[in-house]
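Engineer: after the sequence you'll find the predicted model.
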There are 2 protein chains.
Amino acid sequence: MSMPGLSAERHDRHRVTLQVIAEKLSLSTATVSLALRDSAVVAEATKRKVQELARELGYVYNRSAASLRTARTNMIAVGFHDITNPYFAELLSAIEETVSGSGRTVLLGTYAESLEKQARVLSTLREYRPDGMILCAAGGTTPESLNQLTAAGIPVVQVSREIAGVDLDFVGSDDARGTTVAVEHLIGLGHRRIAMIGGSDLISTGRARRRGYSETLARHGLPVEPALIVEGYGTRETGFRGIEALMQLPDPPTAAVCFNDLAAFGAMLGLRHAGREAGRDFSIVGCDDVAEAAQWFPALTTLHNHQDEMGRKAAELLVRRIENPGAPTRRIILEPSLVIRGTTAPPQR
Amino acid sequence: MSMPGLSAERHDRHRVTLQVIAEKLSLSTATVSLALRDSAVVAEATKRKVQELARELGYVYNRSAASLRTARTNMIAVGFHDITNPYFAELLSAIEETVSGSGRTVLLGTYAESLEKQARVLSTLREYRPDGMILCAAGGTTPESLNQLTAAGIPVVQVSREIAGVDLDFVGSDDARGTTVAVEHLIGLGHRRIAMIGGSDLISTGRARRRGYSETLARHGLPVEPALIVEGYGTRETGFRGIEALMQLPDPPTAAVCFNDLAAFGAMLGLRHAGREAGRDFSIVGCDDVAEAAQWFPALTTLHNHQDEMGRKAAELLVRRIENPGAPTRRIILEPSLVIRGTTAPPQR
């Protein structure tokens, strides 16, 4: 007798079917099935009896079989580029909590910023036939690649990053407005040479935050100098290398707005390596307000980006979309708010 | 014509069945099915033809139907208490990457430290009939609650935290050894009054790290004082409140080992609020070496806890267990290594 056989036998011994419950209670399997799904059609007393017996017998609802009957899998696929960025971990956590509150479970796929990996991951996630998908697409994603998902009949909500030219629900931040507020805070403190560290044209948040930066400088009569703009995704490394390069300029800036908190942390670290301190020798503004932002020394001045609310709203939009596939698409834009802490101060004379 | 109807119609138009592919290529549906699953039984040339046509036609493999036939869902459930702790985000990221490399996808559930929520989440995850589960159980979890999972025939691998008395594969750290190394580092620097901040008896990592602390002090002839031991889960708050309480003692300690990096960050913040600085006025050792540990100021002396390797090994053990359910259980214990940075120094005179 092989070991796998033994295990299958043990498995079967514990498997209790609808049929058994139905027989024991002299009900039809249809009634038992409805009772287990808490249907309003079945009388309360009957439901209680069925559910109690199911619990006693260790009955495990077979979602796989159920999903073939109902065409619902109760899974929500989430495609993110990176969950070790605390911003996305916090966003995922809010999504998972909201989704599980509606009786669904998160199916997770990640793809760094690789379009090729994203294509593979999204195609795999699709195979599980999730009821819907929440997506923060990799940099450079085309509308066509998302149209494939929607053509397959899967409701999709975009979160944080937006691919233009697709008719999908979206929840994100007013990113241009956020950077505007950040730059105006620095100008108000007396800064005139302000850098922008991080931000890629391949993602909507990168484009919008850079637009907010350039337009605000221009509106205040300040030149937009390419040398003060550091390209790159929002990583600690982008921030570290960015400040290093900026400090080597003949006429270095006195302040920087960063694409996100991670880039800001990297920039603060880079300043220290150069013997300088954020909030004293140089001003830094982040974006996101992840948990560690308040705990850096000095604590980071940053834009609170509402990841809790963003995750919750994305999950809610998706549930609405699943229940009403034909409803007009919605765009929910949250307003970032500036949290002034210790990394911004007037420029040194 | 209702909107949902429209959407369903669009869905159907794009759905291509095995049947269609089989007819177009004059093959049996069984051959097509095997070819799509890349079976070695089907000739390479046939497989290529089938897979190309499937791609052209936008065929989406129906995992739900397939799982009923093969009894495999290609899903790995992951149950964690918290993913906003970067240690667990990094662990989850490593698991997700390894699992997706083996053609499977992560189904995620979280439950804070709530036993009641954990019971609900694990029961829900079970309903999806994952091929297996990777679990870091909430504090106070009983062997019985895990036996329910294994009795249902689901392979389970425990990661990081271990529930004793269950015969399950486990990957974790030699936690007692880690704290021993940390305490000996502090004793070597000349510290004699060393606190332990964070650690709960409800979790194996808490018990082991505290045991390492007490035994090491005793071995060096130092008293174990209850006043120097701060209870609590490994959160920033535990660290912050813990250092606050320790600093108010008549004879405060000069150093502390912390349950994890989050507690250490909280403690460093608490020191600053009291006008003191880690590495100058007080020594701090963390545990985990999450990404931000190297970037604090001063950078955190901590135990590198190999979350990448731990996640990868957990996924590998689970895949092995799925393929060979009867194999003897394995315990893989990784050795933490001390990373000395800026938060530890000899005590001030």
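Structural biologist: Arrived safely, thanks for sending. These figures come from a predicted structure and were not determined experimentally. Residues are numbered from 1 along each chain as shown, chains lettered A, B, ... in the order given.
Engineer: can I get the strand or helix carrying A:Arg120 in PDB, CA atoms only?
Structural biologist: Using DSSP states H and E, A:Arg120 falls within helix A:115-127. The C-alpha coordinates for helix A:115-127 follow below in PDB (Å, rounded to 0.1, in the frame of the first residue of the first chain):
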ATOM      1  CA  LEU A 115       6.100  43.400 -18.800                       C
ATOM      2  CA  GLU A 116       7.000  39.900 -19.800                       C
ATOM      3  CA  LYS A 117       6.500  38.500 -16.300                       C
ATOM      4  CA  GLN A 118       3.300  40.600 -15.900                       C
ATOM      5  CA  ALA A 119       1.800  39.000 -19.100                       C
ATOM      6  CA  ARG A 120       2.600  35.500 -17.700                       C
ATOM      7  CA  VAL A 121       1.200  36.300 -14.300                       C
ATOM      8  CA  LEU A 122      -2.000  37.900 -15.600                       C
ATOM      9  CA  SER A 123      -2.600  35.000 -17.900                       C
ATOM     10  CA  THR A 124      -2.100  32.600 -15.100                       C
ATOM     11  CA  LEU A 125      -4.400  34.500 -12.800                       C
ATOM     12  CA  ARG A 126      -7.000  34.500 -15.500                       C
ATOM     13  CA  GLU A 127      -7.000  30.700 -15.700                       C
END
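Engineer: buried set for that helix?
Structural biologist: Neighbour-count burial for helix A:115-127, with 16 or more other CB atoms under 10 Å in any protein chain shown as criterion, is recorded at A:Leu115, A:Lys117, A:Gln118, A:Val121, A:Leu122, A:Ser123, A:Thr124, A:Leu125, A:Arg126. No exception for glycine: its C-beta is placed from N, CA and C like everyone else's.
Engineer: in contact with the spatially closest residue to the second one that is not a sequence neighbour, which residues?
Structural biologist: Just to be clear, that refers to A:Lys117. Ranked by CB to CB, 6 or more residues apart in numbering or on different chains and with sequence neighbours excluded, the top spatial neighbour of A:Lys117 is A:Tyr111, at 4.0 Å. Counting by CB atoms under 8 Å, 6 or more residues apart in numbering or on different chains, A:Tyr111 touches A:Gly79, A:His81, A:Lys117, A:Gln118, A:Arg120, A:Val121, A:Ala138.
Engineer: of those residues, closest to chain B?
Structural biologist: Nearest to chain B among the contacts of A:Tyr111: A:Val121, at 6.8 Å, using CB to the nearest CB.
Engineer: and the closest one, how close does it get to B:Ser39?
Structural biologist: Separation of A:Val121 from B:Ser39 (CB to CB, to the nearest Å) stands at 23 Å.
Engineer: mind listing the helices for the stretch 151-300 of chain A?
Structural biologist: Secondary structure of the stretch 151-300 of chain A, counting by DSSP state H, counting those that start in this stretch: helices at A:175-188, A:204-219, A:236-247, A:261-273.
Engineer: got the angle for the last one vs helix A:236-247?
Structural biologist: Interaxial angle of helix A:261-273 relative to helix A:236-247 (axes from the mean of the first three to the mean of the last three CA atoms, to 10 degrees): 50 degrees.
Engineer: can you tell me the helix or strand for A:Leu108?
Structural biologist: Secondary-structure assignment from DSSP H and E places A:Leu108 in strand A:105-110.
Engineer: which residues does the nearest residue to A:Gly178 once chain neighbours are set aside contact?
Structural biologist: Once flanking residues are discounted, A:Gly178 sits nearest to A:Pro336: 3.6 Å by CB to CB, 6+ apart. Taking CB under 8 Å, 6+ apart, we find A:Pro336 in contact with A:Ser173, A:Asp174, A:Asp175, A:Arg177, A:Gly178, A:Val181, A:Cys287, A:Leu303, A:His304, A:Asn305, A:His306.
Engineer: please apply the same query to A:Glu316.
Structural biologist: The contact partners of A:Glu316, by CB under 8 Å, 6+ apart, come to A:Thr98.
Engineer: that one: helix or strand, and which one exactly?
Structural biologist: helix A:307-323.
Engineer: now the element after that helix, going C-ward?
Structural biologist: strand A:331-334.
Engineer: using CSV, write down the CA coordinates of that next one.
Structural biologist: What follows is strand A:331-334, C-alpha atoms only, in CSV (Å, rounded to 0.1, in the frame of the first residue of the first chain):
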residue,chain,number,x,y,z
ARG,A,331,-12.9,57.1,-11.3
ILE,A,332,-12.3,57.8,-7.7
ILE,A,333,-9.5,60.3,-7.1
LEU,A,334,-8.3,60.8,-3.5
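Engineer: give the pairing partners of that strand; include direction for each.
Structural biologist: strand A:169-173 (parallel) (DSSP bridges).
Engineer: what's the partner strand in contact with?
Structural biologist: Contacts of strand A:169-173 (CB under 8 Å, 6+ apart): A:156-162, A:204-205, A:305-306, A:310, A:313-314, A:317-318, A:321, A:329-336.
Engineer: quick one: mean pLDDT over it.
Structural biologist: The pLDDT scores in strand A:169-173 average 97.
Engineer: hmm, back to that, who's in contact with the helix holding A:Arg120?
Structural biologist: For helix A:115-127, contacts defined as CB under 8 Å, 6+ apart pick out A:77, A:79, A:81, A:107, A:109-111, A:133, A:135, A:137-138, A:140-141, A:145, A:149, A:152, A:154, B:60-63, B:100, B:103, B:105.
Engineer: before we move on, the earlier item: can I get the buried residues of helix A:115-127 in CSV with distance to A:Asp261?
Structural biologist: Conversion of the buried residues of helix A:115-127 to CSV gives the following (distance: CB to CB, whole Å):
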residue, distance to A:Asp261
A:Leu115, 25
A:Lys117, 25
A:Gln118, 24
A:Val121, 26
A:Leu122, 27
A:Ser123, 32
A:Thr124, 31
A:Leu125, 28
A:Arg126, 32
